[in-house]
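**Student:** I would like the atomic coordinates for the input below:
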Amino acid sequence: AQKGLKEQTETKAGILAVPPISNLREDRRAEFGSPSDVIVSEPLDAVVFCTGYDDTFPFLDPSIGVSVRDRGVRPLYKHMCLTSDPSLVFIGLPWKVAPFPLFDCQTRHAARAMCGLMELPAREQMEEARRQDERMRFEEMGLPKRYYHQFGNLQWDYCRTLACEANDGRLYSGFDIDTAHEIYQDAGRARREDVRTYRERNYVVKAPGEWTVSNPNTLTEESNIGSPISYLDLLLGRVIRTKAIGRYGH
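**Tutor:** Numbers count the residues shown, from 1 in each chain. Below is the predicted model of the structure:
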């Protein structure tokens with residue numbers, strides 16, 4: 001069941017994609033879609049609820065001071081570093097993001113700090129930054145407390161900040177977060193328009209800030225207009241360091 005679908009369709013892998021579940025019946029059948037255009041399944045063997053998960057760290061002694069409340073890991077500086085001991089770093093907590101470009105920024109920031117190549121703020125400054133982030137999220141934006149690590153559009157400035165802090169105030173060479181942002185927005189728009197096909201879109205990056213959408217069958221290895229970048233490539237971070245002629249690496 002996929003949000004955004006209005007009719008049943010079969011994927012290339014032979015999986016039936018259907019609208020969200022509207023009713024589970026006593027005869028083990030499920031109803032999908034609106035009552036006016038309902039789709040009824042065959043009897044089901046099992047129903048899997050994809051509800052996400054809660055973070056837990058049973059291997060950390062409670063005296064370390066890490067707590068998890070309302071799906072938020074605290075107290076962390078920039079959703080990464082334990083404020084009382086920034087050598088303990090949590091990579092990958094933010095969600096609703098293009099994950100690997102963001103994780104790339106986090107790991108660079110953490111590595112520079114651990115190697116002594118950048119200085120983190122004092123503990124009280126980190127605590128104040130954490131409190132400011134919470135005020136912005138819960139008071140100014142009105143987010144539910146369980147959205148403690150949700151980023152969405154906040155991810156882009158977050159990535160820029162981490163990259164600049166880890167590189168003496170400058171974005172590191174080849175860091176093209178603006179192109180990643182544009183492609184991420186376009187992929188989101190394509191998903192809203194047709195949830196069945198948006199993953200098949202290929203993005204051609206010609207140069208920083210210059211990209212187009214291409215059919216995957218129209219490019220060859222000899223093409224000089226840029227490299228095809230799929231939605232999966234974006235999530236894996238391959239667009240984040242685009243070379244001048246459009247080649248990318250990771």
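**Student:** where along this protein do the strands fall?
**Tutor:** When secondary structure is read from DSSP state E, the chain shows strands at 9-10, 16-17, 21-24, 30-32, 39-40, 67-69, 72-74, 76-77, 81-82, 202-207, 210-214, 227-230.
**Student:** what's the nearest residue to the residue sitting nearest the centre point of the chain if we skip its chain neighbours?
**Tutor:** Among the residues of the chain, the one closest to the centroid is residue 97, at 2.2 Å (Cα atoms, centre = their mean). Once flanking residues are discounted, residue 97 sits nearest to residue 155: 4.5 Å by Cβ to Cβ, 6 or more residues apart in numbering. Yep, even glycine has a C-beta here, placed from its N, CA and C like the rest.
**Student:** can you give me the helices for this protein?
**Tutor:** Counting by DSSP state H, the chain has helices at residues 99-114, 123-135, 154-165, 177-193, 231-236.
**Student:** so which of the ones you listed comes closest to residue 32?
**Tutor:** Closest approach to residue 32 among these is made by helix 177-193 (18.9 Å; Cβ to Cβ).
**Student:** now the angle from that closest one to strand 202-207?
**Tutor:** Computed by axes from the mean of the first three to the mean of the last three Cα atoms, to 10 degrees, the angle separating helix 177-193 from strand 202-207 equals 160 degrees.
**Student:** so where is this structure shaky, pLDDT-wise?
**Tutor:** The chain contains residues with pLDDT under 70 at 2, 4, 11-13, 215-250.
**Student:** Show which residue of it lies farthest from the average position.
**Tutor:** The chain, farthest from centre, Cα atoms, centre = their mean: residue 27 at 38.3 Å.
**Student:** Residue 60 is in contact with residue 68, isn't it?
**Tutor:** No: applying Cβ atoms under 8 Å, one finds residue 60 not in contact with residue 68, separated by 10.3 Å.
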